[in-house]
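[1] here is the input, now give the coordinates:
(chains A, B, C and D, ligands or ions: 4)
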2 protein chains.
Amino acid sequence: MNSQTKENYLKSIYFLSKKNKEISLTELSDLMNVSKPTANNMIKKLTLIGWVSYEKYKPILLTDKGEKEASLIVRKHRLSEIFLSKIMGFGWEEVHDIAEDMEHLKSEKLFDRMNELLGFPKVDPHGSPIPNKSGEIYEESYINFSKIEHGNNVRLCALENSSKELLVYLNNKNIRLGTELFIKHIEPFDNSVVVNYDGYKSVTLSYEVIKNFLVEKI
Amino acid sequence: MNSQTKENYLKSIYFLSKKNKEISLTELSDLMNVSKPTANNMIKKLTLIGWVSYEKYKPILLTDKGEKEASLIVRKHRLSEIFLSKIMGFGWEEVHDIAEDMEHLKSEKLFDRMNELLGFPKVDPHGSPIPNKSGEIYEESYINFSKIEHGNNVRLCALENSSKELLVYLNNKNIRLGTELFIKHIEPFDNSVVVNYDGYKSVTLSYEVIKNFLVEKI
DNA sequence: TATATAAGTTAGACTAATCTAACAAATAGA
DNA sequence: TCTATTTGTTAGATTAGTCTAACTTATATA
Ligand SMILES: [Mn+2]
Ligand SMILES: [Mn+2]
Ligand SMILES: [Mn+2]
Ligand SMILES: [Mn+2]
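    Residues are numbered from 1 along each chain as shown, chains lettered A, B, ... in the order given. Ligands and ions are numbered 1, 2, ... in the order given. So this is what the prediction gives:
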């Protein structure tokens, strides 16, 4: 069996390679909070497993096998999150840390059962898609909120890079997935937006916040 | 943080010391399936943590601190089992292996939430008591079925040493916790018993089976 | 193009968890 | 009480995962 440590490296490589096919050792060591020799050493091991391909001084590449394996870990992570949220009543800001641990649980049946109990959910509590058992993932093509012009009505569907701080902020503002926002005004100076939603009128949201909103027009 | 490995040693020591205050290295290495030097080496580390006290060639003793820590792991194990059974629909024969993994999850909140959702259960799916958050455990004083005389009516309340094989056997016989058994006859030759229960008449159960039954008279 | 800086590698060390081989202490039984 | 057997210890090795220090290769820029 592969260790939690290796699974965590694989997941980091997976997310890095979503942004950029080619990954540097430095990026990896930074993300994993380890020294470069440690990352280097680990990459050699992951190459032996067949999860990445690597040659000295060249960039790290995730193999198909590695990608599939990583998706299955992400599947377990996101199923855990939605389970914690829907069945166990945790807030969307609480689930990530717990899921970080649960994703390494080795019982297939446990996650199948979660999936069933949840009615085969498509997304986690932050709107990210849950890969299927084959490791395939279907991304909805949402629009980044910062690309939308004023006068439009949109529905918040997902967040990218959903940090606990952002989630707590949104809780305080009573904004959640599904919330419909009307864009009254966009301030050109700092790209902040003024929106109406639910009972709230003329709420200002900074660019720092809304750049993380993935929405659909309604 | 203490590793899963150390937690598993601690749990083994805890169960061994339930039977016998003093534990030998050989017992421990046997139960853990490791060599004696490995167990010896680990015991030195657990002594440093303060979970056991040990002097060369003397028996291993669990400290109060070790006992408490162990109880809290058992608490997480048993809460997981009853959660898997009651909330997730797993059979009592399926839950142990999954819980063996879940007991090492580090989120306190997760287990508190399980506890709440389950309505503060007293026992796991095999009738074993769940220690409280302080590590205290209240054992019911059930009677071993083999001590009961014929002509009596009893209720199955718990199992000791509930192996998967036994649980599957009981599933096939439709015997579960709460099942009321009437003892028609005890065969002196092999200590097997003939019982009536639910729709079943004159079912023979071997001593191998019934020696694991903890019951109360009704 | 030369060289300063960034990126990556090697070497050597450490802790955790494990093993086998060899030895020592304790104990049981003759 | 003596000795054979069981129990426990030491020594030395291995693999996983990590580090720092020193070095090499690649790259960027003057
Ligand atoms: Mn997450
Ligand atoms: Mn993880
Ligand atoms: Mn169990
Ligand atoms: Mn365990």
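
[2] residues in chain A within reach of chain B, list them.
    A:84, A:87-90, A:94, A:97-98, A:101-102, A:105-107, A:109-110, A:113-114, A:117 (Cβ under 8 Å from any Cβ of the partner chain). C-betas here are computed from N, CA, C, even on glycine.

[3] which of those residues count as buried?
    The neighbour-count criterion (16 or more other Cβ atoms under 10 Å in any protein chain shown) marks A:Leu84, A:Met88, A:Phe90, A:Glu94, A:Ile98, A:Asp101, A:Met102, A:Leu105, A:Ser107, A:Leu110, A:Arg113, A:Met114 among those as buried.

[4] which pair in those residues spans the largest distance?
    A:Glu94 and A:Ser107 (22.5 Å; Cβ to Cβ).

[5] by contact count, what packs against the one helix or strand A:Thr5 maps to?
    For A:Thr5, the host element (DSSP states H and E) is helix A:4-19. Other helices and strands packing on helix A:4-19, by 3 or more Cβ pairs under 8 Å, 6 or more residues apart in numbering or on different chains; DSSP states H and E, are helix A:25-32, helix A:36-49, strand A:61-62, helix A:64-86.

[6] the ones you listed: which one's closest to ligand 2?
    With Cβ to the ion as the criterion, ligand 2 lies closest to helix A:64-86 of these, at 7.5 Å.

[7] buried residues of that closest one, list them for me.
    A:66-67, A:69-86.

[8] ok, it near ligand 2 or not?
    No. Shown here: helix A:64-86 not in contact with ligand 2 (Cβ under 5 Å from the ion), separated by at least 7.5 Å.

[9] show me what that helix packs onto, helices and strands only.
    Packed next to helix A:64-86, using 3+ Cβ pairs under 8 Å, 6+ apart, are helix A:4-19, helix A:95-102, helix A:108-117.

[10] quickly compare these and say which is most buried.
    Most buried of these by mean neighbour count (mean count of other Cβ atoms under 10 Å in any protein chain shown) is helix A:95-102; its value is a mean of 20.

[11] now the angle from that one to helix A:4-19?
    130 degrees (axes from the mean of the first three to the mean of the last three Cα atoms, to 10 degrees).

[12] which parts of chain A belong to which domain?
    A:3-62, A:143-217 (automatic domain parsing).

[13] burial measure for A:Val209, as a count.
    Residues lying near A:Val209 (other Cβ atoms under 10 Å in any protein chain shown) number 17.

[14] equivalent analysis for A:Asn196, please.
    15.

[15] so the residue nearest to it when sequence neighbours are not counted is in which element?
    Leaving aside its sequence neighbours, A:Asn196 sits nearest to A:Phe182 (Cβ to Cβ, 6 or more residues apart in numbering or on different chains; 4.4 Å). Assessed by DSSP H and E, A:Phe182 sits inside strand A:180-186.

[16] please point out which parts of stretch A:25-38 sit buried.
    Those would be A:Leu25, A:Glu27, A:Leu28, A:Ser29, A:Leu31, A:Met32, A:Val34, for stretch A:25-38 by 16+ other Cβ under 10 Å.

[17] now do the same contact list for the second one.
    Contacts for A:Glu27 (Cβ atoms under 8 Å, 6 or more residues apart in numbering or on different chains) come out as A:Leu16.

[18] got it, and the last one?
    For A:Val34, the residues meeting the contact criterion (Cβ under 8 Å, 6+ apart) are A:Met42.

[19] quick one, grab the pLDDT at it.
    Looking at A:Val34, its pLDDT reads 98.

[20] ok, it to ligand 2 distance?
    14 Å (Cβ to the ion, to the nearest Å).

[21] got phi/psi on that residue?
    phi -130, psi 170 (degrees, to the nearest 10).

[22] need the helices and strands packed on helix A:4-19 in JSON lines with distance to A:Ser206, can you?
    JSON lines is the format used below for the helices and strands packed on helix A:4-19 (distance: least, Cβ to Cβ, whole Å):
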{"stretch": "helix A:25-32", "distance to A:Ser206": "26"}
{"stretch": "helix A:36-49", "distance to A:Ser206": "35"}
{"stretch": "strand A:61-62", "distance to A:Ser206": "34"}
{"stretch": "helix A:64-86", "distance to A:Ser206": "26"}
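
[23] which one of the ones you listed lies nearest to ligand 4?
    Here helix A:64-86 is closest among those (Cβ to the ion), at 18.6 Å.

[24] wait, is A:Val215 part of a strand?
    Yes. Under DSSP: H, G, I helix; E, B strand; the rest coil, A:Val215 sits within a strand.

[25] that one bridge partners, please.
    A:Ile143, A:Leu156 (DSSP bridges).

[26] contacts only, for it.
    Contacts of A:Val215 by Cβ under 8 Å, 6+ apart are A:Tyr142, A:Ile143, A:Asn144, A:Phe145, A:Ile148, A:Val154, A:Arg155, A:Leu156, A:Cys157, A:Leu181.

[27] now restrict these to buried residues only.
    The buried subset of the contacts of A:Val215 (16+ other Cβ under 10 Å) comprises A:Tyr142, A:Phe145, A:Ile148, A:Val154, A:Leu156, A:Cys157, A:Leu181.

[28] give me the subset of the residues you listed touching ligand 2.
    Near ligand 2, by the rule Cβ under 5 Å from the ion, you find none of those.

[29] got those residues as TSV, with pLDDT columns?
    Output for these, formatted as TSV (pLDDT from 0 to 100):
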residue	pLDDT
A:Tyr142	97
A:Phe145	97
A:Ile148	96
A:Val154	97
A:Leu156	98
A:Cys157	98
A:Leu181	97
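
[30] which pair in those residues spans the largest distance?
    A:Tyr142 and A:Leu181, at 13.4 Å, using Cβ to Cβ across those.

[31] list the residues that contact A:Glu116.
    By Cβ under 8 Å, 6+ apart, A:Glu116 has no neighbours at all.

[32] re the thing from before, so the helix holding A:Thr5, near DNA strand C or not?
    No. Helix A:4-19 stays out of contact with DNA strand C when judged by Cβ under 7 Å from any atom of the strand, the minimum separation being 11.9 Å.

[33] bridging residues for the closest residue to A:His185 other than its chain neighbours?
    In space, A:His185 comes closest to A:Val194 once its chain neighbours are excluded; the distance is 4.2 Å by Cβ to Cβ, 6+ apart. Beta-bridge pairing for A:Val194 (DSSP bridges): A:His185, A:Thr204.

[34] thanks again, I'm all set now.
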